[in-house]
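>>> Predicted model and sequence below, questions to follow.
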Amino acid sequence: MRFFPKVNTLKKSILLYRGIRYRKGHGVHSPFAFNLITKVIEEKCSYYSFQDIELLRKQLLYSEDPVSYPDRRNPEKMRKSTIGNLVKREAINRKRGELLFKLTNYFQSKRMIQLGPTMGISTLYMTAYASDIRCIAIESVPEFAAVACQVFSKTACNPIDLRIGSYQQLLPRALNELGKVDFIFFNALHEQEYNLELFKNCLPYVHDETLFVFNGIRMNKESRDYWKKICAHPQVTVSVDLYAMGLVFFNRKLHKRNYIVYF
(Lines give C-alpha, C1' and ligand atoms only; values in the text may rest on other atoms or scores of the structure.)
Protein backbone atom coordinates (compact mmCIF):
# COMPACT_ATOMS: atom_id res chain seq x y z
CA MET A 1 0.00 0.00 0.00
CA ARG A 2 1.32 3.47 -0.95
CA PHE A 3 0.79 6.10 1.72
CA PHE A 4 2.51 8.97 -0.11
CA PRO A 5 1.90 10.17 -3.69
CA LYS A 6 4.49 9.62 -6.35
CA VAL A 7 6.98 12.46 -6.86
CA ASN A 8 5.60 13.32 -10.31
CA THR A 9 2.04 13.32 -8.97
CA LEU A 10 3.00 15.62 -6.12
CA LYS A 11 4.82 17.95 -8.51
CA LYS A 12 1.82 18.09 -10.85
CA SER A 13 -0.46 18.81 -7.89
CA ILE A 14 1.75 21.71 -6.82
CA LEU A 15 1.78 23.12 -10.36
CA LEU A 16 -2.00 22.77 -10.56
CA TYR A 17 -2.36 24.59 -7.23
CA ARG A 18 -0.09 27.36 -8.49
CA GLY A 19 -2.21 27.56 -11.62
CA ILE A 20 -5.53 28.08 -9.85
CA ARG A 21 -4.34 30.11 -6.87
CA TYR A 22 -5.37 33.75 -7.34
CA ARG A 23 -6.39 32.93 -10.93
CA LYS A 24 -8.37 35.89 -12.32
CA GLY A 25 -8.04 37.53 -8.92
CA HIS A 26 -10.05 34.89 -7.03
CA GLY A 27 -9.34 35.05 -3.32
CA VAL A 28 -7.55 38.41 -3.58
CA HIS A 29 -9.07 41.03 -1.28
CA SER A 30 -6.64 43.86 -1.96
CA PRO A 31 -7.92 46.16 -4.77
CA PHE A 32 -4.31 46.94 -5.70
CA ALA A 33 -3.35 43.27 -6.08
CA PHE A 34 -6.65 42.40 -7.80
CA ASN A 35 -6.16 45.10 -10.45
CA LEU A 36 -2.51 44.11 -10.88
CA ILE A 37 -3.46 40.49 -11.57
CA THR A 38 -6.51 41.07 -13.75
CA LYS A 39 -5.52 44.25 -15.62
CA VAL A 40 -1.79 43.68 -16.06
CA ILE A 41 -0.50 40.16 -15.48
CA GLU A 42 -3.44 38.35 -17.09
CA GLU A 43 -4.31 41.04 -19.62
CA LYS A 44 -4.26 39.66 -23.19
CA CYS A 45 -4.35 42.89 -25.19
CA SER A 46 -1.67 43.19 -27.88
CA TYR A 47 0.04 46.50 -28.66
CA TYR A 48 1.54 47.59 -31.97
CA SER A 49 4.97 47.91 -30.36
CA PHE A 50 5.06 44.15 -29.76
CA GLN A 51 5.08 43.40 -33.48
CA ASP A 52 7.90 45.86 -34.14
CA ILE A 53 10.07 44.39 -31.39
CA GLU A 54 9.43 40.79 -32.41
CA LEU A 55 10.19 41.61 -36.05
CA LEU A 56 13.56 42.92 -34.93
CA ARG A 57 14.10 39.77 -32.85
CA LYS A 58 13.48 37.61 -35.95
CA GLN A 59 16.02 39.63 -37.90
CA LEU A 60 18.61 39.18 -35.15
CA LEU A 61 17.94 35.43 -34.94
CA TYR A 62 19.07 35.07 -38.56
CA SER A 63 22.27 37.04 -37.98
CA GLU A 64 25.44 34.98 -38.42
CA ASP A 65 27.75 37.80 -37.32
CA PRO A 66 30.37 36.34 -34.96
CA VAL A 67 30.68 37.50 -31.36
CA SER A 68 33.47 36.69 -28.88
CA TYR A 69 32.74 37.28 -25.20
CA PRO A 70 34.25 36.26 -21.83
CA ASP A 71 33.25 32.93 -20.33
CA ARG A 72 31.21 33.64 -17.20
CA ARG A 73 32.91 30.88 -15.22
CA ASN A 74 36.39 31.79 -16.41
CA PRO A 75 36.61 35.46 -17.49
CA GLU A 76 40.08 34.95 -18.93
CA LYS A 77 38.68 32.51 -21.47
CA MET A 78 36.75 33.77 -24.50
CA ARG A 79 33.73 32.02 -25.99
CA LYS A 80 32.53 32.34 -29.57
CA SER A 81 29.00 32.47 -30.89
CA THR A 82 26.81 34.31 -33.38
CA ILE A 83 24.38 37.14 -32.70
CA GLY A 84 21.52 34.82 -33.63
CA ASN A 85 22.51 32.18 -31.08
CA LEU A 86 23.08 34.80 -28.38
CA VAL A 87 19.66 36.34 -28.95
CA LYS A 88 18.07 32.88 -28.79
CA ARG A 89 19.83 32.05 -25.53
CA GLU A 90 20.14 35.39 -23.71
CA ALA A 91 17.28 37.65 -24.83
CA ILE A 92 14.06 37.79 -22.82
CA ASN A 93 11.21 35.79 -24.32
CA ARG A 94 8.12 37.46 -25.75
CA LYS A 95 5.79 36.65 -22.86
CA ARG A 96 8.04 38.19 -20.21
CA GLY A 97 8.89 41.11 -22.48
CA GLU A 98 5.23 41.94 -22.97
CA LEU A 99 4.73 41.86 -19.21
CA LEU A 100 7.50 44.45 -18.80
CA PHE A 101 5.67 46.69 -21.27
CA LYS A 102 2.33 46.26 -19.51
CA LEU A 103 3.87 46.98 -16.12
CA THR A 104 5.61 50.22 -17.16
CA ASN A 105 2.53 51.29 -19.11
CA TYR A 106 0.12 50.60 -16.24
CA PHE A 107 2.24 52.36 -13.60
CA GLN A 108 3.40 55.09 -16.02
CA SER A 109 7.05 54.61 -15.04
CA LYS A 110 9.33 57.38 -16.33
CA ARG A 111 12.67 56.98 -14.53
CA MET A 112 14.05 53.52 -15.18
CA ILE A 113 17.21 51.51 -14.60
CA GLN A 114 18.00 48.15 -16.09
CA LEU A 115 20.81 45.93 -14.87
CA GLY A 116 21.69 43.55 -17.69
CA PRO A 117 19.99 44.54 -20.95
CA THR A 118 22.02 41.78 -22.70
CA MET A 119 20.70 41.93 -26.28
CA GLY A 120 18.46 44.94 -25.61
CA ILE A 121 15.12 43.27 -26.37
CA SER A 122 13.87 43.62 -22.80
CA THR A 123 14.86 47.31 -22.76
CA LEU A 124 12.75 47.94 -25.85
CA TYR A 125 9.72 46.38 -24.18
CA MET A 126 10.26 48.44 -21.00
CA THR A 127 10.47 51.77 -22.79
CA ALA A 128 8.09 51.37 -25.74
CA TYR A 129 4.91 52.71 -24.16
CA ALA A 130 5.91 56.43 -24.22
CA SER A 131 8.48 58.78 -25.74
CA ASP A 132 9.41 60.79 -22.63
CA ILE A 133 11.09 58.04 -20.63
CA ARG A 134 14.59 58.22 -19.21
CA CYS A 135 16.21 54.81 -19.03
CA ILE A 136 19.74 53.99 -17.92
CA ALA A 137 20.81 50.49 -18.97
CA ILE A 138 23.95 49.02 -17.43
CA GLU A 139 25.66 46.04 -19.09
CA SER A 140 28.75 44.37 -17.67
CA VAL A 141 29.68 42.49 -20.87
CA PRO A 142 30.96 44.91 -23.57
CA GLU A 143 30.26 42.44 -26.37
CA PHE A 144 26.59 42.19 -25.34
CA ALA A 145 26.40 45.96 -25.04
CA ALA A 146 27.61 46.31 -28.64
CA VAL A 147 24.67 44.20 -29.85
CA ALA A 148 22.24 46.11 -27.61
CA CYS A 149 23.53 49.40 -29.03
CA GLN A 150 22.67 48.23 -32.55
CA VAL A 151 19.21 47.18 -31.38
CA PHE A 152 18.53 50.53 -29.73
CA SER A 153 19.60 52.46 -32.81
CA LYS A 154 17.02 50.61 -34.93
CA THR A 155 13.87 50.42 -32.82
CA ALA A 156 14.09 52.30 -29.51
CA CYS A 157 11.34 54.89 -28.96
CA ASN A 158 13.54 56.70 -26.42
CA PRO A 159 17.29 57.40 -26.37
CA ILE A 160 18.63 54.64 -24.10
CA ASP A 161 21.56 55.67 -21.90
CA LEU A 162 23.65 52.51 -22.24
CA ARG A 163 26.61 52.24 -19.85
CA ILE A 164 29.21 49.50 -19.85
CA GLY A 165 30.97 48.26 -16.74
CA SER A 166 30.50 46.86 -13.25
CA TYR A 167 26.98 47.05 -11.80
CA GLN A 168 28.40 47.82 -8.36
CA GLN A 169 30.36 50.79 -9.68
CA LEU A 170 27.88 52.24 -12.16
CA LEU A 171 24.59 51.78 -10.29
CA PRO A 172 25.23 54.37 -7.50
CA ARG A 173 25.96 57.09 -10.07
CA ALA A 174 22.84 56.23 -12.07
CA LEU A 175 20.71 56.38 -8.92
CA ASN A 176 22.15 59.76 -7.95
CA GLU A 177 21.42 61.15 -11.40
CA LEU A 178 17.78 60.05 -11.37
CA GLY A 179 17.18 61.04 -7.76
CA LYS A 180 14.13 58.81 -7.46
CA VAL A 181 13.41 55.68 -9.49
CA ASP A 182 10.07 54.42 -10.76
CA PHE A 183 11.15 51.09 -12.21
CA ILE A 184 14.24 48.87 -11.93
CA PHE A 185 14.68 45.62 -13.81
CA PHE A 186 17.24 43.26 -12.25
CA ASN A 187 18.19 41.10 -15.23
CA ALA A 188 21.74 40.15 -14.23
CA LEU A 189 20.98 36.44 -14.48
CA HIS A 190 24.59 35.29 -14.40
CA GLU A 191 25.70 37.61 -11.59
CA GLN A 192 22.88 37.02 -9.15
CA GLU A 193 25.21 36.85 -6.18
CA TYR A 194 25.25 40.67 -6.27
CA ASN A 195 21.49 41.21 -6.56
CA LEU A 196 20.82 41.48 -2.83
CA GLU A 197 23.59 44.07 -2.44
CA LEU A 198 22.34 46.01 -5.49
CA PHE A 199 18.78 45.83 -4.16
CA LYS A 200 19.82 47.42 -0.87
CA ASN A 201 21.73 50.17 -2.71
CA CYS A 202 18.51 51.11 -4.53
CA LEU A 203 16.27 51.34 -1.46
CA PRO A 204 17.05 55.01 -0.56
CA TYR A 205 15.72 56.02 -4.01
CA VAL A 206 12.32 54.30 -3.96
CA HIS A 207 8.91 55.93 -3.42
CA ASP A 208 5.36 54.63 -3.05
CA GLU A 209 4.96 54.02 -6.80
CA THR A 210 8.32 52.30 -7.36
CA LEU A 211 8.38 48.81 -8.83
CA PHE A 212 11.32 46.40 -8.91
CA VAL A 213 11.26 43.40 -11.26
CA PHE A 214 13.61 40.47 -10.75
CA ASN A 215 14.24 37.95 -13.51
CA GLY A 216 15.13 34.32 -12.76
CA ILE A 217 14.06 34.23 -9.11
CA ARG A 218 13.94 30.42 -9.14
CA MET A 219 16.88 29.72 -11.40
CA ASN A 220 18.91 28.09 -8.60
CA LYS A 221 19.06 27.81 -4.81
CA GLU A 222 20.95 31.10 -4.45
CA SER A 223 18.32 32.99 -6.43
CA ARG A 224 15.50 31.43 -4.39
CA ASP A 225 17.25 32.40 -1.15
CA TYR A 226 17.79 36.02 -2.08
CA TRP A 227 14.20 36.29 -3.34
CA LYS A 228 12.98 35.20 0.10
CA LYS A 229 15.23 37.81 1.74
CA ILE A 230 13.93 40.52 -0.57
CA CYS A 231 10.29 39.63 0.17
CA ALA A 232 11.01 39.71 3.90
CA HIS A 233 12.66 43.14 3.81
CA PRO A 234 10.72 45.64 5.96
CA GLN A 235 10.51 48.23 3.16
CA VAL A 236 8.80 45.75 0.83
CA THR A 237 5.03 45.78 1.20
CA VAL A 238 3.72 43.62 -1.66
CA SER A 239 5.65 40.97 -3.58
CA VAL A 240 4.37 38.83 -6.44
CA ASP A 241 6.02 35.53 -7.34
CA LEU A 242 5.40 34.74 -11.02
CA TYR A 243 7.80 31.78 -10.79
CA ALA A 244 10.10 33.02 -13.55
CA MET A 245 9.96 36.66 -12.42
CA GLY A 246 9.29 38.51 -9.19
CA LEU A 247 7.60 41.88 -8.63
CA VAL A 248 8.29 44.04 -5.57
CA PHE A 249 6.34 47.11 -4.42
CA PHE A 250 7.05 49.66 -1.71
CA ASN A 251 3.73 51.45 -1.25
CA ARG A 252 3.44 52.15 2.47
CA LYS A 253 -0.36 52.30 2.23
CA LEU A 254 -0.50 48.59 1.37
CA HIS A 255 -0.47 45.73 3.86
CA LYS A 256 2.50 43.41 3.62
CA ARG A 257 1.56 40.38 1.56
CA ASN A 258 3.29 37.86 -0.72
CA TYR A 259 1.34 36.51 -3.69
CA ILE A 260 2.06 33.51 -5.89
CA VAL A 261 0.44 33.96 -9.29
CA TYR A 262 0.36 31.64 -12.29
CA PHE A 263 2.10 33.23 -15.26
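Okay, I see it. Because the structure is a prediction, the values reported are computed rather than measured.
>>> Show the low-confidence segments of this protein, by residue range.
Within the chain, the segments meeting pLDDT under 70 span 1-27, 29, 75, 190.
>>> need the helices for the stretch 1-150 of the chain, in chain order.
In the stretch 1-150 of the chain, the helices defined using DSSP state H, counting those that start in this stretch lie at 7-20, 31-36, 48-61, 83-90, 94-107, 121-127, 142-155.
>>> So for stretch 44-51, what gets flagged as buried?
49-50 (16 or more other CB atoms under 10 Å). Heads up, the C-betas are built off the backbone N, CA and C, glycines and all.
>>> Run through the strands of this protein in chain order.
Here the chain has its strands, by DSSP state E, at 66-70, 78-82, 111-115, 134-139, 161-164, 183-186, 211-215, 238-241, 245-249, 257-260.
>>> Counting by contacts, list what the fourth one packs against.
It stands for strand 134-139. In terms of contacts (3 or more CB pairs under 8 Å, 6 or more residues apart in numbering; DSSP states H and E), strand 134-139 is packed against strand 111-115, helix 121-127, helix 142-155, strand 161-164, helix 167-178.
>>> so what strands line up beside it?
Partner strands for strand 134-139, per DSSP bridges, with pairing direction: strand 111-115 (parallel), strand 161-164 (parallel).
>>> Show me how far that strand is from its chain's centre.
Using CA atoms, centre = their mean, to the nearest Å, the distance from the centre of strand 134-139 to the centre of the chain it belongs to is 13 Å.
>>> And for the first one?
Between the centre of strand 66-70 and the centre of its host chain there is 24 Å, according to CA atoms, centre = their mean.
>>> what does it contact?
Under the criterion CB atoms under 8 Å, 6 or more residues apart in numbering, residues 76-83, 86, 141, 143-144, 146-147 lie in contact with strand 66-70.
>>> Widest-spaced pair of those residues?
76 and 83 (23.3 Å; CB to CB).
>>> Between those two, tell me which one has more neighbours.
Set residue 76 next to residue 83 and count neighbours by other CB atoms under 10 Å: residue 83 wins out with 21 against 6.
>>> measure that one to residue 120 for me?
As judged by CB to CB, to the nearest Å, residue 83 and residue 120 stand 11 Å apart.
>>> Could you do residue 109 as well?
Using CB to CB, one gets 18 Å for the distance from residue 109 to residue 120.
>>> more neighbours, the two?
Between residue 109 and residue 120, counting by other CB under 10 Å, residue 120 is the more crowded of the two (31 against 22).
>>> That one contacts residue 151, correct?
Yes: when contacts are counted by CB atoms under 8 Å, residue 120 is listed as touching residue 151 (3.6 Å).
>>> residues in contact with residue 204?
Residue 204 neighbours (CB under 8 Å, 6+ apart): residue 175.
>>> could you check the distance from it over to residue 115?
On the measure of CB to CB, residue 204 and residue 115 end up 17 Å apart.
>>> again, but for residue 149
Distance, residue 149 to residue 115, using CB to CB: 17 Å.
>>> out of these two, which sits in the busier spot?
residue 115 (25 against 16).
>>> was I right about residue 255 contacting residue 32?
No: if you go by CB under 8 Å, residue 255 and residue 32 don't touch, sitting 9.6 Å apart.
>>> Which one of these two is surrounded by more residues?
Per other CB under 10 Å, whichever of residue 255 and residue 32 has more neighbours is residue 32, with 16 against 11.
>>> surely that one meets residue 238?
Yes: between residue 32 and residue 238 a contact is recorded at 7.0 Å, counting by CB under 8 Å.
>>> what do the two both touch?
Shared contacts of residue 32 and residue 238, counting by CB under 8 Å, 6+ apart, come down to 251, 254.
>>> related to what we said a few turns ago, with respect to residue 46, which of the helices and strands packed on strand 134-139 lies nearest?
Residue 46 lies closest, by CB to CB, to one member of these: helix 121-127, at 12.7 Å.
>>> Who are the packing partners of the closest one?
Against helix 121-127 (3+ CB pairs under 8 Å, 6+ apart) you get helix 48-61, helix 94-107, strand 111-115, strand 134-139, helix 142-155, strand 183-186.
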